[in-house]
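**Student:** give me a model of this one.
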Amino acid sequence: AKSSKHLAFILHAVMKCLLKCEDSLIVVGVGSRAFLIQDDTTSELKESDGSESISTTDTTKGGGDDQDPKEIQCVAISVEKINEKNRIWCAVSRYEKSISLFCDGIFQSKRTTVKRIGSMIFAWEPIGMIVAGDMIGDVTAFPLDNPRHNGRLLLGHTASMLTDMKLHGNLLLTADRDEKVRVSSFPQTSIVKGYLLGHTAFLSSVDTVTTNADNGRRSTFCVTCGGDKTLRLWNIETCSLVATIKTEDLIPTQVAIRGDTVAVIFDQSRTIKLYSISKLEYQQSFECPTQPLCLHWWCNSKLIVLAKEPCLIQIYEQKADDRAYHSITDNRVAALDEFTKDIELPSTLLETDNNGQLKLEKLKEGRSHVAWNRVERIEKVKASRKRRRRKRRRSS
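**Tutor:** Sure, this is the predicted structure:
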């Protein structure tokens, strides 16, 4: 049996998302500092001195004393279209259990939350809001126009830590440490469309895409990856598994989809691999100079990667002559290296405890070692329920 101290280690883990893009815009979190890259400028997202912190919930702190409370856990970016003017919204969550909002690079508000936020997205229907997933599996929506609002609980994952979120049209996908993805209607999140079940370890990333078939019918798919060292392709409309591939001994930490191409990075590997969305067929791979931590498609065709120093932001573009991806330079991100030259990024986003075990790995609880969503356990529970029903009928 594991000790309660070891349990605390596992519950304190979080999958950090330190890079997000929209169109040509980039927001990146490096250590305790966040930066917005737009056009030809790089600006730091700074909170106003003496700003008011809006406490929406219990602010009890957790974690070790040696942890920097200002360390960034995740970032988010989106563009609000108002008539002919666009407003750029950024959100930054920190270890101290806070979310800071910025509009056009200017600080707007800061609120504290019950638990650390590990994933965030913006949504604009029915109103502008930041949707945040926390360490205990709750997803809460906070309106942008009311920083004193306590937020509205959208859904919960039964005390399972959320690892990633994706909003695709009117569907909200939430992945957790307990090997599943919940597909909910949005914003009516009480309507559950289904679950994506099949992973045998924690989920680390999820991304979605809508494709056009030869018959003209549009289908929505998603790709997931996790600690079981697999990539899985799902049909979201039917919540069915389409394809699975093993990634050898590498744990995939993030997937990013553009068109029919799926880009994947791995823990303890400098390799970026590309697959086709059709059956996850392997296309090509290339090496980063250092460990990639996050990746995103940028400006539609470029692949942007956050990696360890010396060059934090690396950009890759596919050449027309050989169809391979090559590193390119871009003045829009060059200034970031000067801003962050004294900051050291981690070598991995998968935290381990003092025994070298991944904190995201789920402990085997109780007498059974079979995960709650395995086919064997489900069939065993069904058989047990049938026996109980027969006994009740006989006794009556």
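**Student:** can you give me the strands in the stretch 151-300 of the chain?
**Tutor:** The residue ranges that make up the strands of the stretch 151-300 of the chain, judged by DSSP state E, counting those that start in this stretch, are 152-156, 162-168, 171-176, 180-185, 192-197, 203-212, 218-226, 230-235, 240-246, 252-258, 261-266, 271-276, 282-287, 292-298.
**Student:** can you lay out those strands as TSV showing mean neighbour count, distance to Glu96 and mean pLDDT?
**Tutor:** C-beta: built from backbone N, CA, C; applies to glycine. Converted to TSV, the strands of the stretch 151-300 of the chain look like this (neighbours: other CB atoms under 10 Å; distance: least, CB to CB, whole Å; pLDDT from 0 to 100):
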stretch	mean neighbour count	distance to Glu96	mean pLDDT
strand 152-156	16	21	95
strand 162-168	23	19	95
strand 171-176	24	23	96
strand 180-185	21	28	96
strand 192-197	16	33	96
strand 203-212	19	24	92
strand 218-226	21	28	94
strand 230-235	20	34	97
strand 240-246	14	39	96
strand 252-258	22	24	96
strand 261-266	23	28	97
strand 271-276	18	33	96
strand 282-287	13	36	95
strand 292-298	23	21	94
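**Student:** closest one to Ile72 among those strands?
**Tutor:** strand 292-298 (11.7 Å; CB to CB).
**Student:** C-terminal to that closest one, what's the next element?
**Tutor:** Scanning forward in sequence from strand 292-298 by DSSP states H and E, the next helix or strand is strand 302-307.
**Student:** for the helix or strand that that next one is followed by, which positions count as buried?
**Tutor:** Scanning forward in sequence from strand 302-307 by DSSP H and E, the next helix or strand is strand 313-318. Residues of strand 313-318 classed as buried: Ile313, Gln314, Ile315, Tyr316 (neighbour count, 16 or more other CB atoms under 10 Å).
**Student:** pLDDT below threshold where in the chain?
**Tutor:** 1-14, 49-66, 213-216, 310, 362-378 (pLDDT under 70).
**Student:** in CSV, list the strands of the stretch 151-300 of the chain along with distance to Asp39.
**Tutor:** As requested, these are arranged in CSV below (distance: least, CB to CB, whole Å):
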stretch, distance to Asp39
strand 152-156, 34
strand 162-168, 26
strand 171-176, 31
strand 180-185, 36
strand 192-197, 38
strand 203-212, 26
strand 218-226, 31
strand 230-235, 35
strand 240-246, 39
strand 252-258, 22
strand 261-266, 25
strand 271-276, 27
strand 282-287, 28
strand 292-298, 14
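**Student:** to Phe102, which of these lies closest?
**Tutor:** Per CB to CB, nearest to Phe102 of the strands of the stretch 151-300 of the chain: strand 292-298, 18.8 Å.
**Student:** let me see the contact set for the spatially closest residue to Glu281 that is not a sequence neighbour.
**Tutor:** Excluding the flanking residues, the one nearest Glu281 by CB to CB, 6 or more residues apart in numbering is Tyr275, at 6.3 Å. If you count contacts by CB atoms under 8 Å, 6 or more residues apart in numbering, Tyr275 has them with Leu231, Ile245, Thr261, Val262, Val264, Glu281, Tyr282, Gln283.
**Student:** from what I see, the last one and Leu274 are in contact.
**Tutor:** Yes: the pair formed by Gln283 and Leu274 meets the contact definition of CB atoms under 8 Å, at 4.4 Å.
**Student:** and Trp89, what are its bridge partners?
**Tutor:** According to DSSP bridges, the residues that bridge with Trp89 are Ser78, Cys103.
**Student:** does it touch Trp124 like I think?
**Tutor:** No: here Trp89 does not reach Trp124: they are 9.6 Å apart, not a contact under CB under 8 Å.
**Student:** mind listing the shared neighbours of the two?
**Tutor:** When contacts are counted by CB under 8 Å, 6+ apart, the set common to Trp89 and Trp124 consists of Ser78, Glu80.
**Student:** determine which two of the contacts of Tyr275 are furthest apart.
**Tutor:** Taking every pair in those and measuring CB to CB, the maximum separation is 15.0 Å, between Ile245 and Thr261.
**Student:** leaving out sequence neighbours, find the closest residue to Asn200.
**Tutor:** I think there's a mix-up here, since residue 200 is Thr and not Asn. Asp228 (4.3 Å).
**Student:** and that neighbour, what does it touch?
**Tutor:** Applying CB under 8 Å, 6+ apart as the definition, the contact partners of Asp228 turn out to be Glu179, His199, Thr200, Ala201.
**Student:** which helix runs longest in this structure?
**Tutor:** Looking across the chain with DSSP state H, the single longest helix is helix 375-395.
**Student:** what separates that helix from the chain centre, distance-wise?
**Tutor:** Between the centre of helix 375-395 and the centre of its host chain there is 38 Å, according to CA atoms, centre = their mean, to the nearest Å.
**Student:** elements contacting it?
**Tutor:** For helix 375-395, not one helix or strand is in contact under the criterion 3 or more CB pairs under 8 Å, 6 or more residues apart in numbering; DSSP states H and E.
**Student:** now do it against strand 192-197, angle only.
**Tutor:** Computed with axes from the mean of the first three to the mean of the last three CA atoms, to 10 degrees, the direction of helix 375-395 lies at 120 degrees from that of strand 192-197.
**Student:** who does the residue at minimal distance from the centre of the chain bridge with?
**Tutor:** Centroid-nearest residue in the chain: Asp164, 3.0 Å away (criterion: CA atoms, centre = their mean). Using DSSP bridges, the bridge partners assigned to Asp164 are Ala175.
**Student:** mind checking how far Cys90 is from Glu309?
**Tutor:** Spatial separation of Cys90 from Glu309 under the definition CB to CB, to the nearest Å is 23 Å.
**Student:** between these two, who's got more neighbours?
**Tutor:** Per other CB atoms under 10 Å, whichever of Cys90 and Glu309 has more neighbours is Cys90, with 24 against 15.
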